[in-house]
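Peer 1: sequence and predicted structure, then a few things I'm wondering about:
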Amino acid sequence: MIYTLTVNPSLDYITFVDHLILGEVNRSTKEQIFPGGKGINVSIVLKNLGFENEALGFIAGFTGKEVEKSLKELGCVSDFIQVEKGITRINVKVKSKDITEINGQGPQITQKEMEKLYKKLDQLVEGDILILAGNIPNSMPKSLYADIMKRCTSKNLKIVVDATGDLLINVLKQHPFLIKPNKHELEELFNVTLKSIEDIEYYGKKLQQIGAQNVLISLAEKGALLIAEDQKIYYSKAPKGNLVNSVGSGDSMVAGFVAGFLESENYQHALKMGICAGSASAFSEKLATREEVEHLMEKLEECTVYKREK
Ligand SMILES: Nc1ncnc2c1ncn2[C@@H]1O[C@H](COP(=O)(O)OP(=O)(O)O)[C@@H](O)[C@H]1O
Ligand SMILES: O=P(O)(O)OC[C@H]1O[C@](O)(COP(=O)(O)O)[C@@H](O)[C@@H]1O
């Protein structure tokens, strides 16, 4: 079974403003609300691609109820822990020429509620896949994902981590199957500016040397670079298309990669499916469907095995 964990889900409120002026009253031309949070988006796209999965995490208040309800309407299975105080965050995305995002802090999660999560995770069995994705509230330790991985060590799970900063660095020694920083996140991790594909490869490899099995670096409209555990480096550009809404592209890529790997055990195919899932989501208002992903895959050339290591 595939499980996603979203410690800090959200309702994503997307508002479209023609010319955003800071400090002024702006009027939007359109608004949308979607269930969000990285693991939740991964769950939705996996389901769209035909992979049953269960979304785990914490929800709170009326916004949490809405997340749970909309996931159900999309045909996704979830088993969230209800947090007593606060509300699930509302993340605001202002789409003008560029997109400006304000992601909330989220409710405080108590030790008792955390124990409930651990009890659930204790039920996972060998061969399961666990996707740990997204930020966590400030009140929680940056070792959280590493702690979860340590607790699950004996189960031989395939664990994917999509996180930033110390939350990500701390898991590397536990050898996650896949991590997916974007270029900006990779720059932040090493406090550098990455100007070329060689620079990206150099710093991506550092993450693999510390312990990640596969490092997938997403490069938005430029595609993605995969430093794989088979000692090969794969690159593919992204398909061209009309950018509609990039929120959830990275999460769609994670879902596409996992789905592609599960159906082929082939990194080239997994990368291609990851990229096309990311792009399909970027090219539509909603998250990628299987049909959209397959359509883009037919058009996209094969990924290049960019470098074969010794
Ligand atoms: N403007 C775009 N055109 C085509 N594909 C895109 C575009 N933006 C994102 N994608 C696709 O989605 C993937 C993830 O996007 P990216 O922005 O790098 O991730 P994140 O959302 O994590 O920052 C990219 O590798 C690409 O395949
Ligand atoms: O947990 P974080 O890092 O605050 O991110 C949460 C936000 O990221 C998203 O999951 C989208 O992420 P991507 O655009 O990277 O795929 C939104 O749904 C959500 O609002």
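Peer 2: That came through fine. Ligands and ions are numbered 1, 2, ... in the order given.

Peer 1: CA atoms for contacts and neighbours, from now on please.
Peer 2: Fine.

Peer 1: phi, psi of the residue of the stretch 101-250 of the chain at minimum distance from ligand 2?
Peer 2: At 3.1 Å from ligand 2, Gly248 is the closest residue in the stretch 101-250 of the chain, using C-alpha to the nearest ligand atom. Phi and psi for Gly248, reported as degrees, to the nearest 10, are phi 100, psi 0.

Peer 1: same deal with Asp147?
Peer 2: phi -60, psi -40.

Peer 1: give me the neighbour count for it.
Peer 2: Using other C-alpha atoms under 10 Å, Asp147 has 15 neighbouring residues.

Peer 1: could you do the one 10 residues further on as well?
Peer 2: For Leu157, the count of nearby residues is 19 (other C-alpha under 10 Å).

Peer 1: need the contact list for it.
Peer 2: 125-130 (C-alpha atoms under 8 Å, 6 or more residues apart in numbering).

Peer 1: now the strands for this structure?
Peer 2: 2-6, 10-16, 30-36, 53-59, 77-82, 89-95, 99-102, 129-133, 158-162, 178-179, 214-218, 224-227, 232-236, 304-308 (DSSP state E).

Peer 1: report all helices and strands that the last one contacts.
Peer 2: It stands for strand 304-308. In terms of contacts (3 or more C-alpha pairs under 8 Å, 6 or more residues apart in numbering; DSSP states H and E), strand 304-308 is packed against strand 232-236.

Peer 1: sheet partners, orientation included, of the strand it packs on?
Peer 2: strand 224-227 (antiparallel), strand 304-308 (antiparallel) (DSSP bridges).

Peer 1: including mean pLDDT and mean neighbour count, could the ones you listed go into JSON lines?
Peer 2: Output for these, formatted as JSON lines (pLDDT from 0 to 100; neighbours: other C-alpha atoms under 10 Å):
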{"stretch": "strand 224-227", "mean pLDDT": "97", "mean neighbour count": "26"}
{"stretch": "strand 304-308", "mean pLDDT": "77", "mean neighbour count": "13"}
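
Peer 1: which of the contacts of Leu157 has the most neighbours?
Peer 2: Highest count within the contacts of Leu157 by other C-alpha under 10 Å belongs to Leu130, 27 neighbours.

Peer 1: who's that residue bridged to?
Peer 2: On the basis of DSSP bridges, Leu130 is bridged to Tyr3, Ile159.

Peer 1: is it in contact with Ile2, as I believe?
Peer 2: Yes: between Leu130 and Ile2 a contact is recorded at 6.0 Å, counting by C-alpha atoms under 8 Å.

Peer 1: give me the low-pLDDT residue ranges for the stretch 51-200 of the chain?
Peer 2: Within the stretch 51-200 of the chain, not a single segment meets pLDDT under 70.

Peer 1: now for the residue of the stretch 101-250 of the chain closest to ligand 2, how many residues are close by?
Peer 2: Residue neighbour count, defined by other C-alpha under 10 Å, stands at 23 for Gly248.
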